[in-house]
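Asks: output the structure for:
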Amino acid sequence: MVWGGISTRLRTPLCHVVGNLTGVRYQNEILQPLVVLALQALGPRAILQDDNAPPHRSAAVNTFIQQARVNRMLWPANSPDLNPIEHMWDELCRRVHHPPPANLGQLLQWLQQEWNGVPRAFIRNLIHSMRQRCVECLAHNGGHTRY
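Replies: Here you go, the predicted model:
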């Protein structure tokens with residue numbers, strides 16, 4: 001598994017997650033070294049959009065996020081996944097699909113290379129489509145949308 005973050009102005013490096021991601025690991029391996037620095041670089045109005053995965057919502061993570069003064073987007077349980085990062089993952093999969101990598105090390109190298117190669121305009125379009133994603137989701141009562 002890999003983790004990565006995007007914004008209109010920057011993207012984090014990919015983080016290879018070996019084994020199960022716990023709240024403590026999420027805090028120590030992703031939030032502290034990657035997310036907090038990225039949000040600080042973006043400025044005081046930056047907002048973290050994660051999901052309701054158990055590691056993201058652990059008590060330790062919630063405490064850390066409050067102490068680090070991270071602005072977090074509220075994300076109701078059982079809500080449709082409208083996060084633009086999902087389309088980034090799709091794009092990344094398309095870019096590394098052929099030919100198949102020879103081993104895990106090569107896969108991770110290709111993933112990071114392709115992650116860095118996704119044009120900023122593509123990411124910007126994903127993020128700027130968020131409002132329309134929400135409008136369309138509401139229009140379909142939370143059902144399937146073109147996104």
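Asks: what sits against M1?
Replies: 16-17, 21 (CB atoms under 8 Å, 6 or more residues apart in numbering). Yep, even glycine has a C-beta here, placed from its N, CA and C like the rest.
Asks: switch the cut-off to 7 Å
Replies: Neighbour list for M1: V17 [criterion: CB atoms under 7 Å, 6 or more residues apart in numbering].
Asks: got it, and the one 10 residues further on?
Replies: When contacts are counted by CB under 7 Å, 6+ apart, R11 is found next to 4-5, 123.
Asks: let's see 10 Å
Replies: 4-5, 38, 88, 115-116, 118, 120, 123 (CB atoms under 10 Å, 6 or more residues apart in numbering).
Asks: what's across from it in the sheet?
Replies: Assessed by DSSP bridges, R11 has beta-bridge partners I6.
Asks: next one: it from I127, what distance?
Replies: 11 Å (CB to CB, to the nearest Å).
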